[in-house]
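Visitor: What follows is a protein structure lacking sequence information:
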């Protein structure tokens, strides 16, 4: 019985973890300036204190806080200015009771001082003395040595997607090269006698190939590398040769074929012939996305995925299985999502998970999710969508007002 | 009075709109395959119907639905199979009552047929006839001509960030080149006698430059182009020359200097000398972010921004003003945000807007936002953050349990 073989999303994901494991994963060393968006493949520990010396957070006078006790607008304290710190220079003089030193924002705090009074609260009395009109607490306006990052501290965790702030933190530690996960090398093959390239005008009965373009963009979006893009006729031998050739260099081969049963059987047959582990998922209990095949070759360490021919289903399955798996093995935190109230009742497919596209509407402090209607497979349902929700196979639908979790697409 | 000149975020934004307008904006034509992440600069209307012909969404028999009235598992209707549609071929024969044609998923529906019966509900009776075991409704399993996209329809709006699905929709319309906004060309200048390049070990009193690295990454993150990156000593003439030179090729010049008042005065002075419109914002009522300067030169159409030297303030002001303005003039929809409950009371700065970093925690159907404590300016407050919230100047703080809007950073 064909139906019994169909996998749920959860079981397909589990098979990916158990069968493919981390075999497709490699690391590379990147120059920090080019590392934005890549995923850190090692924990980063600090070998230094940041800052390396006590710094002022304001323009002002470094003082001994006890000296300012009782100072007020009507009753200033007078301190002797014994030095002025120049930006980038180290503080040479130690201060003693009754003394102070001018320090610019970011400047080094001299020995002996334990607080900085902002210039706004001071007034030069003569060339050597300043009046301080405020009483200041110990530690005020000072960043301590190691207060930002301590030597030996875990600064950034493996699996972090490198953002501008991570680049900044690494730069300040002097780490200008980082180990990141090498993006998967992907070959995308779109098959079908009905397909013409997008730049051509199709004859009646033919259509332009969408999937090679949209899957290419989706791979790029998630930081992956597409090394080859092919549109092939429905020819078993041709497809088999293309797959064998691609296995040599690819971590992942995407075969997006028509959705008819006959075509899927051909993809499945080839995967069973060329990949040592054969196909381990043949059919998904997902709407849309049933005609999905997953296979694996242990020799070349290549994951093979037969995606539905329908452009919408292809994009969703790529997201729910392939990108999910990439994020999982690279230790990435799960995707950000939004909770929203559904604006109208709708039914889901019984016995399988339904992936429903929605549009998000923000009103006050609340998001609303409006289901996008229209036959599945229409590419415009996806261009109108902000995200999708997943409805469990044992639910019959969603009622208006229910809160759902929306994932961006 | 210096204080009177300080702008709120809202007034600084309004000045950007009124003074700089769209002058820094240009469009370029991109190959569709490279257009992911760019922003469409024109509305896209369809010149075709999609699909161009009626297509089947299943493998099955195209029929006249009336012929199946009354058919059931125990009482099939027998229809004559007069043709089989091959993928990519046009349907040649028209069907009449009592006839049907085999059509694969995606295949063209022959004239006369108005529904498709899935193969699962049919059985070949002899070589010419099939038994149909189900009564089917008009239109079932058919996508009509133009049902996805109608000729003349607005398919994608100007200002849309091109995602995989937009690339797919454009590909299926045969649009393989698109007009997009040319990313701003940006020069980033980091100034300070205390700065050394990240690859060097700083002497006592000196620190590694963070801002040129993190602002570079932030520009890239938002699809902008950095054409030059400089770290300069605090030297008025040197800085002035660098700015004048950069104005020739840049749409935007970022000058990130120390945060001390004296340095800011130099940046302000230079902007007033070299830019025809001078500086129009000098100080922001924002914590952190006060030492911010905005200026504009009408001749070279260059926006000049002096950002705070503090790495955290620099990133936040870049996001709140510069990236906000880029999104605004390119018609982009506003950023996605998340509503979350604050986990603890905290105070904000009176008289100015506070930008508070938070960490997001997901629990059940709810997000919680935990304020990140620590002195402002510590780069690790930003690496620990998922986003920020903005607290209005007339609020004194946020109470535990209040719902806030979190923007990703």
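Guide: Yep, that arrived. What you see is a predicted model, and the numbers here were worked out from it, not measured in a lab.
Visitor: Regarding stretch A:284-303, how distant is the last residue from the first?
Guide: 17 Å (C-alpha to C-alpha, to the nearest Å).
Visitor: list the buried ones in that stretch?
Guide: Residues of stretch A:284-303 classed as buried: A:284-297, A:300-303 (neighbour count, 16 or more other C-beta atoms under 10 Å in any protein chain shown). In this view, the C-beta of every residue, glycine as well, is placed from N, C-alpha and C.
Visitor: same question, stretch A:275-284
Guide: Result for stretch A:275-284 [16+ other C-beta under 10 Å]: buried residues A:275, A:277, A:279-284.
Visitor: Now tell me what touches stretch A:34-45 from outside.
Guide: A:27, A:30, A:152-164, A:166-167, A:170, A:173, A:175, A:178-181, A:183, A:223, A:330-332, B:217, B:220-221 (C-beta atoms under 8 Å, 6 or more residues apart in numbering or on different chains).
Visitor: Give me the distance between it and the centre of its chain.
Guide: 11 Å (C-alpha atoms, centre = their mean, to the nearest Å).
Visitor: List the contacts of the residue lying closest to residue A:207 once chain neighbours are set aside.
Guide: Sequence neighbours aside, residue A:194 is the residue nearest to residue A:207 in space, at 5.7 Å (criterion: C-beta to C-beta, 6 or more residues apart in numbering or on different chains). Contact partners of residue A:194, counting by C-beta under 8 Å, 6+ apart, are A:205-207, A:258, B:87-88, B:106-107.
Visitor: redo that, cut-off 7 Å
Guide: Counting by C-beta atoms under 7 Å, 6 or more residues apart in numbering or on different chains, residue A:194 makes contact with A:205-207, B:87-88, B:106.
Visitor: Can you tell me which of those residues lies closest to residue A:348?
Guide: The shortest approach to residue A:348 among those belongs to residue B:106, at 24.3 Å (C-beta to C-beta).
Visitor: I'd assumed residue B:54 was in contact with the closest one.
Guide: No - Residue B:106 is not in contact with residue B:54 according to C-beta atoms under 7 Å; the separation is 11.2 Å.
Visitor: residue closest to the middle of chain A?
Guide: Chain A has residue A:161 as the residue nearest its centroid, 4.9 Å off, counting by C-alpha atoms, centre = their mean.
Visitor: do you know how far that one is from residue B:372?
Guide: 18 Å (C-beta to C-beta, to the nearest Å).
Visitor: For chain B, what's the nearest residue on the stretch 201-350 of chain A?
Guide: Residue nearest to chain B within the stretch 201-350 of chain A: residue A:214 (3.4 Å; C-beta to the nearest C-beta).
Visitor: In which helix or strand does that residue reside?
Guide: If you go by DSSP states H and E, residue A:214 is part of helix A:211-221.
Visitor: Does anything pack onto that helix? Which helices or strands?
Guide: Helix A:211-221 sits against strand A:185-191, strand A:225-232, strand A:252-256, helix A:311-317, helix B:164-172, with contacts defined as 3 or more C-beta pairs under 7 Å, 6 or more residues apart in numbering or on different chains; DSSP states H and E.
Visitor: mind listing what's buried in the second one?
Guide: This means strand A:225-232. Using 16+ other C-beta under 10 Å as the test for burial, strand A:225-232 gives A:226, A:229-232.
Visitor: who does the longest strand seen in chain A pair up with?
Guide: If you go by DSSP state E, chain A has its longest strand at strand A:353-363. Sheet pairing of strand A:353-363 (DSSP bridges) gives strand A:286-287 (parallel), strand A:366-371 (antiparallel), strand A:387-391 (antiparallel).
Visitor: Would you mind listing the buried residues in it?
Guide: Going by neighbour count (16+ other C-beta under 10 Å), the buried part of strand A:353-363 is A:353-360.
Visitor: Now flag whichever of those is closest to chain B.
Guide: residue A:360 (7.8 Å).
Visitor: so what's that closest one up against?
Guide: Residue A:360 sits next to A:338, A:340, A:367, A:369, A:386-387, A:406 when contact means C-beta under 7 Å, 6+ apart.
Visitor: Distance of residue A:365 relative to residue B:337?
Guide: Distance from residue A:365 to residue B:337, by C-beta to C-beta: 10 Å.
Visitor: Residue A:75 now?
Guide: In terms of C-beta to C-beta, residue A:75 sits 49 Å off from residue B:337.
Visitor: Who has more neighbours out of those two?
Guide: Neighbours of residue A:75 and residue B:337, each counted by other C-beta atoms under 10 Å in any protein chain shown, are more numerous for residue B:337; the result is 16 against 10.
Visitor: isn't that one right up against residue B:404?
Guide: No - applying C-beta under 7 Å as the test, residue B:337 and residue B:404 come out as separate, 9.6 Å apart.
Visitor: Quick one: buried ones out of the contacts of stretch A:34-45?
Guide: A:30, A:155-156, A:158-164, A:166-167, A:170, A:173, A:175, A:178-181, A:183, A:223, A:330, A:332, B:217, B:220.
Visitor: can I get the contacts of residue A:194 in TSV with pLDDT?
Guide: Shown next, in TSV, are these (pLDDT from 0 to 100):
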residue	pLDDT
A:205	95
A:206	96
A:207	95
B:87	91
B:88	92
B:106	91
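Visitor: got the angle for the lengthiest helix in chain A vs strand A:185-191?
Guide: For chain A, the longest helix by residue count, based on DSSP state H, is helix A:261-274. Here helix A:261-274 runs at an angle of 140 degrees relative to strand A:185-191 (axes from the mean of the first three to the mean of the last three C-alpha atoms, to 10 degrees).
Visitor: which element follows helix A:261-274 toward the C-terminus?
Guide: strand A:279-282.
Visitor: Quick check: mean pLDDT of the longest helix of chain A?
Guide: Helix A:261-274 carries an average pLDDT of 87.
Visitor: Tell me the first helix or strand C-terminal of the helix-or-strand element of chain A with minimal mean pLDDT.
Guide: Ranked by mean pLDDT, DSSP states H and E, the weakest helix or strand in chain A is helix A:2-5, scoring a mean of 55. For helix A:2-5, the following helix or strand on the C-terminal side (DSSP H and E) is helix A:9-15.
Visitor: other SSEs contacting that following helix?
Guide: Looks like helix A:9-15 contacts strand A:279-282 (3+ C-beta pairs under 7 Å, 6+ apart).
Visitor: That'll do, ta.
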